[in-house]
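A.B. asks: starting from these lines, generate the structure:
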Amino acid sequence: MWEFNLYEALNPLDIFKIFKLRVDTFVVEQQCYYEEIDKKDLQCIHMYKKIDDKIAAYARLIPEEDTIHIGRVIVHPDFRSTDLAQELMEQALQYIETHHQYLSIHLQGQAHLESFYSRFGFNTVSDVYFVDLIPHIDMVRPAFATHSPLKGV
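C.D. replies: All right, here's what the predicted structure looks like:
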């Protein structure tokens, strides 16, 4: 079962497991030395799935005024040979369609995953650039709904 929680709704053990998975992957495995845990963690929606008491897949959703960012997309090494990454993206998009359908969707992805994200309707909107020596691209997907009733359409 997928869980979607604000930071304050997470239990301490899940916070630890989420941050450990992110640091183990993005800092240690990918050798990117940066502030992995940031203030956005206090304001975003943490989405994750647990399998056998492990955080098997995770992403964070950061809503802003006109867009929502999908970030920290990760699958635990023990589950990378499964379809969990696809399931994670499908769940993220379903959540956004239900709760933030008027926001365009942005992600900053590693360039080698461009074709993966394009399967979900994302279009590349930047040239390749480097973050900690890893090639990245910006990708955007249009909002599910085109006119927000809050914007006086």
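
A.B. asks: contacting residues around the lowest-mean-pLDDT helix or strand in the chain?
C.D. replies: Every helix and strand of the chain was ranked by mean pLDDT, DSSP states H and E. The lowest is strand 129-131, at a mean of 92. Strand 129-131 has contacts (C-beta atoms under 8 Å, 6 or more residues apart in numbering) with Cys32, Gln108, Pro135, His136, Ile137. C-beta here means a position set from N, CA and C on the backbone, and glycine is covered the same way.

A.B. asks: turn those into TSV, including distance to Pro77.
C.D. replies: Listed next are the contacts of strand 129-131 as TSV, based on distance: C-beta to C-beta, whole Å:
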residue	distance to Pro77
Cys32	16
Gln108	22
Pro135	21
His136	21
Ile137	24
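
A.B. asks: flag the least confident of those residues.
C.D. replies: Minimum pLDDT across those is recorded for Cys32, with 79.

A.B. asks: return the distance of the closest residue to that one other than its chain neighbours relative to Leu6.
C.D. replies: Closest residue in space to Cys32, ignoring its immediate chain neighbours: Asp132 at 3.7 Å, by C-beta to C-beta, 6 or more residues apart in numbering. Computed as C-beta to C-beta, to the nearest Å, the Asp132 to Leu6 distance reads 28 Å.
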